[in-house]
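Chemist: Everything below, folded, please.
(one chain, ligands or ions: 2)
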Amino acid sequence: MIRLESITRSFLLGKESVHVLNGISLSIQSGEFAAIMGPSGSGKSTLMNIIGCLDKPTEGEYYLGGENVSHYNDKELARVRNQSIGFVFQQFHLLPRLSALKNVELPMIYAGVSKKERQARAEEALMKVGLADRMNHLPNALSGGQKQRVAIARAIVNQPKLILADEPTGALDSKTSMDIMEQFRELNAEGVTIIVVTHESEVAEYANRTILVRDGMIQSPAVLDRGPSI
Ligand SMILES: Nc1ncnc2c1ncn2[C@@H]1O[C@H](COP(=O)(O)OP(=O)(O)O)[C@@H](O)[C@H]1O
Ligand SMILES: [Mg+2]
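Modeler: Ligands and ions are numbered 1, 2, ... in the order given. Below is the predicted model of the structure:
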């Protein structure tokens, strides 16, 4: 589903070029549950942004579902994101003035879904993450774990084949973190490919594969295979 070939990403800071990703080659198959680990500043988020079509590589090729998306323009990348990818972030990124339900409806507005269907699908997604009784709450009135469930509902509402989560449990206590990881495990069991960036080995244990990033490279041994997830 995902194939990265010799991906680099550099940023120009003044006259100096900062090399953040230094030649990443990586394949992730459909249906995998992968964890990306590595020290702070090693390039994990930069890599996730490229995988999520939020950013483009400086060099190298990126194939997503067989499409070479490396040279897509912003509009084409936006289409790929909206159709194929769900995102979950550490800080939830919910709009504070919108209810849980309206937040979950947002990706469907961009996808051009009718109002009636939007509401029905948003309700269904919120029920799936266990928030049937919190749909009309504003984000402020929800706990961290509940906010992250809303974000997961928003991520799944367009039925993406791929979910990218960048430190999704970074702002949560350990019990809530495990609840959130259970949600990802259930989605993975339904066939959704999941990639989670994390610092915590308890979180990474939910994945069936761990990818180590260091200094913008995949660290050898590239992949620690643990077999099927528990
Ligand atoms: N837009 C940018 N411009 C300049 N430097 C950046 C930019 N984005 C990330 N970096 C740098 O790239 C390095 C890796 O960042 P990041 O991918 O966020 O690491 P991680 O997620 O592993 O902590 C950091 O040193 C960061 O400062
Ligand atoms: Mg990061």
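Chemist: and the helix ranked longest in the chain, what's its mean pLDDT?
Modeler: Selection of the longest helix in the chain by residue count, based on DSSP state H, yields helix 174-189. Here the mean pLDDT over helix 174-189 is 96, rounded to a whole number.
Chemist: Next, the contact list for the residue lying closest to residue 140 once chain neighbours are set aside, please.
Modeler: Computed as C-beta to C-beta, 6 or more residues apart in numbering, the closest residue to residue 140 that is not its neighbour in sequence is residue 96, at 6.4 Å. In this view, the C-beta of every residue, glycine as well, is placed from N, C-alpha and C. Under the criterion of C-beta atoms under 8 Å, 6 or more residues apart in numbering, the neighbours of residue 96 are 138-140.
Chemist: Which helix or strand contains the residue in the chain that ligand 2 sits nearest to?
Modeler: Among the residues of the chain, residue 45 lies nearest to ligand 2; the distance is 3.2 Å by C-beta to the ion. Here residue 45 is covered by helix 44-51, with elements defined by DSSP states H and E.
Chemist: which other residues reach that helix?
Modeler: Contacts for helix 44-51 (C-beta under 8 Å, 6+ apart): 2, 4, 7, 9, 20-21, 24, 36-38, 55-57, 62, 64, 164, 166, 195, 197, 213, 216.
Chemist: what's the answer for stretch 65-84, then?
Modeler: Outside of stretch 65-84, the residues that reach it under the criterion C-beta under 8 Å, 6+ apart are 1, 52-54, 56-57, 60-64, 87, 107, 110-111, 158, 160-162.
Chemist: average pLDDT for it?
Modeler: Averaged across stretch 65-84, the pLDDT comes to 94.
Chemist: Show me what counts as buried in it.
Modeler: Within stretch 65-84, the residues that qualify as buried are 69-70, 72, 77, 80-82, 84, counting by 16 or more other C-beta atoms under 10 Å.
Chemist: start to end distance for it?
Modeler: Stretch 65-84 has an end-to-end distance of 9 Å (criterion: C-alpha to C-alpha, to the nearest Å).
Chemist: what's the helix or strand for the spatially most central residue of the chain?
Modeler: Nearest to the geometric centre of the chain sits residue 164, at 1.4 Å (C-alpha atoms, centre = their mean). Assigned by DSSP H and E, residue 164 belongs to strand 162-166.
Chemist: before we move on, what about residue 116?
Modeler: When secondary structure is defined using DSSP H and E, the element that contains residue 116 is helix 115-128.
Chemist: How about residue 23?
Modeler: strand 16-28.
Chemist: and that strand, which strands flank it?
Modeler: In the sheet containing strand 16-28, the strands it pairs with under DSSP bridges are strand 2-13 (antiparallel).
Chemist: hmm, the strand it pairs with touching ligand 1?
Modeler: Yes. Among the residues of strand 2-13, 11, 13 lie within reach of ligand 1 under C-beta under 6 Å from any ligand atom.
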